[in-house]
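K.L.:
sequence first, predicted model second:
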Amino acid sequence: MSNQYILVNPQIAPFVAHIQLNRPKELNALNLELMLEIKQALVELDADDSVRAIIISGNERVFAAGADIKQMAGRNAIDMLKIDQFTTWDSIRKTKKPLIAAVSGFALGGGCELVMICDMVIASDTAQFGQPEISIGVMPGAGGTQRLTRTVGKVKAMEMVLTGKFIGAQEALNYGLVNKVVPVEFYLTEAVQLAQTIAEKSPIAVQMAKESVLKAFEMPLQEALFFERKNFYMLFATEDQKEGMAAFVEKRKADFKGK
Ligand code: HXC
């Protein structure tokens, strides 16, 4: 598929794919078409055995300045309901492979929400995160009130959502919104390194581990523990489990095949 608003590199490094938001003049504003392109790219990369981890980035100035305000401005509630853009977001959220956001510059509104859908986040020291929807008369709609609150806690989430104030990379790190902050020139290479570390592991184990961690946000503890246990047992049906444990015993590096 040819994309108008994103660039997809299925092999930025071995087993690592890269999706770059590419609407720079509009600060990567997330119009419906761009989101559909991300969704479709992720469906394809998820089905591609030569991909084991996926990086999503913008450019140095901006990750994404949020949903496309110009596209939304004239819409009424029924238009929004009929467009039902969140099925696209739900599909993105269901990506099985690990998603790493590489963030430089602004990650605002839907941009911040897209970052929070990702599983890990590398930020440049210039990154700024915010949910400024309140300043344009609305509120976060793609999970911002929920994921931000679960990550940074109630009072900080309230501050960000009710004032629209941005936080910088270091504060985002302190609040657990990002994994690591690096100088701007390294944010993408750092994300690639993180992705490569994961790509060396058993992709089936990675998928099941991701799925299990996400259950911590979705299920009561007892059910989530049960879910985890099933996934743990299931991994003993894989060749990768045999290979991983044999490699440990034989003091060599495991060669995981994803089987
Ligand atoms: C459409 C946008 C945009 C957006 C920026 N632009 N953000 N267009 N939607 N979200 C456009 C501007 O109109 C401008 O176009 C160009 O990008 C450059 O932006 P400037 O404002 O001139 O840049 P700057 O002064 O550097 O300010 C950067 C900024 C500011 C602080 C990021 O642009 C800003 O506040 N943007 C809006 C942020 C926001 O409110 N996001 C939440 C959106 S609602 P022209 O043509 O004038 O040059 C949302 C809801 C999500 O995300 C719900 C689920 C999907």
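P.N.:
Now that the structure is in, tell me what you want to look at. In this text the structure is predicted, and so the values were computed from the model without any measurement.
K.L.:
which positions in this protein make contact with the ligand?
P.N.:
26-27, 29, 65-70, 106, 108-110, 132-133, 136, 141-142 (C-beta under 6 Å from any ligand atom). Glycine gets a C-beta too; all of them are placed from N, C-alpha and C.
K.L.:
could you pull out the helices for the stretch 1-150 of the chain?
P.N.:
Secondary structure of the stretch 1-150 of the chain (DSSP state H, counting those that start in this stretch): helices at 32-46, 69-72, 77-83, 86-93, 110-117, 144-152.
K.L.:
most tightly packed of these?
P.N.:
Per-stretch averages of neighbours, counted by mean count of other C-beta atoms under 10 Å, single out helix 110-117 among these, with a mean of 26.
K.L.:
that one to helix 144-152, inter-axis angle?
P.N.:
For helix 110-117 against helix 144-152, the angle between stretch directions is 50 degrees (axes from the mean of the first three to the mean of the last three C-alpha atoms, to 10 degrees).
K.L.:
which residues touch helix 110-117?
P.N.:
Contact with helix 110-117 is made by 28, 30, 38, 56, 58, 62-67, 89, 92-93, 99, 101, 103, 107, 121, 129-131, 140-144, 147-148, 151, 177, as judged by C-beta atoms under 8 Å, 6 or more residues apart in numbering.
K.L.:
give me the number of residues near the closest residue to the ligand within the stretch 101-250 of the chain?
P.N.:
Nearest residue of the stretch 101-250 of the chain to the ligand (C-beta to the nearest ligand atom) works out as residue 109 at 2.4 Å. Other residues within reach of residue 109, judged by other C-beta atoms under 10 Å, total 28.
K.L.:
which one is it nearest to, not counting chain neighbours?
P.N.:
residue 66 (2.7 Å; C-beta to C-beta, 6 or more residues apart in numbering).
K.L.:
list the contacts of that neighbour.
P.N.:
29, 30, 108, 109, 110, 111, 112, 132, 133.
K.L.:
and if you look at residue 122?
P.N.:
100, 101, 102, 103, 178, 179, 180, 182, 187, 190, 191, 194.
K.L.:
what separates it from residue 234, distance-wise?
P.N.:
In this view, residue 122 and residue 234 are 30 Å apart by C-beta to C-beta, to the nearest Å.
K.L.:
repeat for residue 193
P.N.:
Distance check for residue 193 against residue 234: by C-beta to C-beta, it reads 29 Å.
K.L.:
got it, and residue 76?
P.N.:
When C-beta to C-beta is the yardstick, residue 76 and residue 234 sit 47 Å from each other.
K.L.:
quick one, which of the two is more surrounded?
P.N.:
residue 234 (13 against 8).
K.L.:
what is the strand ranked longest in the chain packed up against?
P.N.:
Criterion DSSP state E: the longest strand present in the chain is strand 6-13. Other helices and strands packing on strand 6-13, by 3 or more C-beta pairs under 8 Å, 6 or more residues apart in numbering; DSSP states H and E, are strand 16-21, helix 32-46, helix 187-199.
K.L.:
fine, thanks again, bye for now.
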